[in-house]
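[1] Here's a sequence, model it:
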Amino acid sequence: MRIDSRRSSELRNRAVAVWTRDLDTTDQAGRLHIARAVRNIFAAEYETKEVSLDLLKNGLRPLAILKSIYLFTIGILLGKPLALQCALFGGVSTLKGFSDSPEAPNFIYLDGVRTLVLLRRLRVRWPEAKIVCDLDDLMSRRMSFWIRHRVGISFGYAEKLFGVPMVNILSKGRLARLLIRYERFALSRAEREILHLSDAVVLVSSVDAQEMRQRSPECLHSKIHVVLPPVMAKGAPIDRTPPYRLVFVGTDKLVQNRLTIEYLLDIWRTERPRTSLHIFGIQQRAYETIPPNVLFHGFVEDLNEIYDGHSVLLTPSMIGGGVKTKVLEAFSYGIPVIGTNFTFEGMNLPAYPLIFEDRHSLAAAIKNLDALTESFSLAVRIGTEFLANELTPTKFTTRWRQLAGSRPSAISRQAEFLLAAESSIHVSSTL
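    Take a look at the predicted model:
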């Protein structure tokens, strides 16, 4: 059968993007910025259909809840435990959104580890389609950090579905500790399965990518890709002059931010530095005993209101994983950043001068910021060079075009199909 050139072009450029969150919200979280940039590339390059697994939009209807319970239970019974978040999103996943046209998409984008159940069905339905799963970071590794710091499990935006009483029950005490250990184990298994079933997985951090390679057979290493987010300098570097002020930007809804805020408040409470600390962002907790020289400002829409010629970002991260977008944003404004090794994880910043791993050295630096003037200048130069060399929008677009447009990997399709069939044999594709 002869296919004309226009029809052939249409077939080559069919893509489907599956999102597990609302990209059109006013939320300015770093992950959403990256997801929107990816979506813009697809819109320019492909005839793209979008499918939403957003729980807030789909709602936890009775049938979806039953499907999630079924998926979770079957996983336990078969000795192949399914992560809670994979089961939850699996309950709303369906192939119906892919059935508007008889032609198979040649490229499918999946937003995160939560799409595992749908990935199983897609691999069975379209074994020849190229599927890329954007993991962002290794969730199992993040769970390990949460266990280390004895924090409860975080439900993200799904907290709005469960309600405060249920979230409190599931995120505190012995049950929470059991859940988070189960989730770490199940997510590690999910990440391995996604690597097998996908043609490529994408991470934003080279550290996460290296850990995934260490967990995986060497024959699958070529599937693991690192794509840093696009960030551009906002203009000429700011002329920084004393007196300096320290700022932290972020909401304590995120575990990593809450740990940092608590750590900083304790430093100001015990060390009593004269330098002021300004905390920006919507906070859930009521901080009743605020130490002297600490000010909470709430949400600020424009970072220009934060980053002036006296500001230095102070963000000593307790948890690794991914790339800290607040650090990249500060560099884009020409602002120096003080932090830990976790703060700058996944960034190529040779000889960066403002890394303090222990509390004593960090407190000493906070008390004598004037002595760091030269270090501030060096830090800004290293940070802005990193942005200019590795985080340009052109590089970001090129990497995603390559991932979307290159031919499927050489891993045996038969082996992948059998793995998908094994994973999905007890899950009807009509669920």
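
[2] Tell me where the chain is predicted with low confidence.
    Applying pLDDT under 70 to the chain picks out residues 1-12, 26-29, 58-60, 97, 99-102, 152-171, 235-239, 406-431.

[3] Domain map for it?
    For the chain, automatic domain parsing gives the domain ranges 5-230+393-424, 245-390.

[4] Dump these to JSON lines, plus mean neighbour count.
    The C-beta positions use only the backbone N, C-alpha and C, and glycine is treated the same way. Shown next, in JSON lines, are those (neighbours: other CB atoms under 10 Å):
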{"stretch": "domain 5-230+393-424", "mean neighbour count": "18"}
{"stretch": "domain 245-390", "mean neighbour count": "17"}
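
[5] can you pull out the strands in the stretch 1-150 of the chain?
    Per DSSP state E, counting those that start in this stretch, the stretch 1-150 of the chain has strands spanning 14-19, 47-52, 107-111, 130-136. These are given in chain order.

[6] Quick one: the ones you listed as TSV, columns for distance to residue 176 too.
    Formatted as TSV, the entries for those read as follows, by distance: least, CB to CB, whole Å:
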stretch	distance to residue 176
strand 14-19	28
strand 47-52	29
strand 107-111	26
strand 130-136	24
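
[7] tell me the angle the lengthiest helix in the chain makes with strand 130-136.
    Counting residues, the longest helix in the chain under DSSP state H turns out to be helix 173-197. Taking axes from the mean of the first three to the mean of the last three CA atoms, to 10 degrees, one finds helix 173-197 and strand 130-136 inclined to each other by 150 degrees.

[8] Quick check: neighbours of the next helix or strand after helix 173-197 in the sheet, parallel or antiparallel?
    Once the chain leaves helix 173-197, the next helix or strand it forms, by DSSP states H and E, is strand 200-203. Within its sheet, and counting by DSSP bridges, strand 200-203 is paired with strand 130-136 (parallel), strand 224-226 (parallel).

[9] closest to residue 333 out of those strands?
    Proximity to residue 333 (CB to CB) singles out strand 130-136 among these, at 23.6 Å.

[10] export the strands paired with strand 200-203 to a markdown table and tack on distance to residue 105?
    Written out in a markdown table, the entries for these read as follows (distance: least, CB to CB, whole Å):
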| stretch | distance to residue 105 |
| --- | --- |
| strand 130-136 | 9 |
| strand 224-226 | 20 |
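
[11] for the ones you listed, which one sits closest to residue 217?
    Across the strands paired with strand 200-203, closest to residue 217 is strand 224-226 (CB to CB), at 11.5 Å.

[12] Which positions are bridged to the residue nearest the centre of the chain in the beta structure?
    Relative to the mean C-alpha position of the chain, the nearest C-alpha, by CA atoms, centre = their mean, is the one of residue 136, at 4.2 Å. With DSSP bridges as the criterion, residue 136 is bridged to residue 203.

[13] which residues does it contact?
    For residue 136, the contact set (CB atoms under 8 Å, 6 or more residues apart in numbering) comprises 31, 34, 112, 202, 203, 204, 322.

[14] and if you look at residue 279?
    Applying CB under 8 Å, 6+ apart, the residues contacting residue 279 are 247, 248, 261, 264, 294, 295, 296, 297.

[15] Helix, strand or coil: sort out it for me.
    Three-state assignment for residue 279 (DSSP: H, G, I helix; E, B strand; the rest coil): strand.

[16] distance of it from residue 389?
    As defined by CB to CB, to the nearest Å, residue 279 lies at a distance of 31 Å from residue 389.

[17] before we move on, back to that, go through the contacts of residue 136 and say which is closest to residue 148.
    residue 322 (16.6 Å).

[18] I figured the closest one hits residue 207, correct?
    No. At 9.1 Å, residue 322 does not count as touching residue 207 under the criterion of CB atoms under 8 Å.

[19] what touches both of the two?
    Residues touching both residue 322 and residue 207 (CB under 8 Å, 6+ apart): 345, 346.

[20] Residue 348 looks like it's in a helix, true?
    No. Under three-state DSSP, residue 348 sits outside any helix and is assigned coil.

[21] Wait, it touches residue 386, no?
    Yes. If you go by CB under 8 Å, residue 348 and residue 386 touch, sitting 6.0 Å apart.

[22] shared neighbours, these two?
    Overlap of the contact sets of residue 348 and residue 386 (by CB under 8 Å, 6+ apart) is empty.

[23] need the contact list for residue 107.
    Applying CB under 8 Å, 6+ apart, one finds that residue 107 lies in contact with 14, 15, 16, 46, 129, 130, 131, 132, 404, 405.

[24] Try it again at 7 Å.
    Going by CB atoms under 7 Å, 6 or more residues apart in numbering, residue 107 touches 15, 46, 129, 130, 404.

[25] measure the fourth one to residue 197 for me?
    Right, the one you point to is residue 130. Counting by CB to CB, the gap from residue 130 to residue 197 is 12 Å.

[26] Over to the first one?
    Computed with CB to CB, the distance linking residue 15 and residue 197 is 18 Å.

[27] Could you do the last one as well?
    Here residue 404 is placed at a distance of 17 Å from residue 197 (CB to CB).

[28] same question, residue 345
    27 Å.

[29] what packs against the longest helix of the chain?
    In this structure, helix 173-197 makes packing contacts with helix 116-125, helix 139-148, helix 164-171, helix 413-424, judged by 3 or more CB pairs under 7 Å, 6 or more residues apart in numbering; DSSP states H and E.

[30] ok, now with 6 Å
    For helix 173-197, the elements it packs on are helix 116-125, helix 139-148, judged by 3 or more CB pairs under 6 Å, 6 or more residues apart in numbering; DSSP states H and E.
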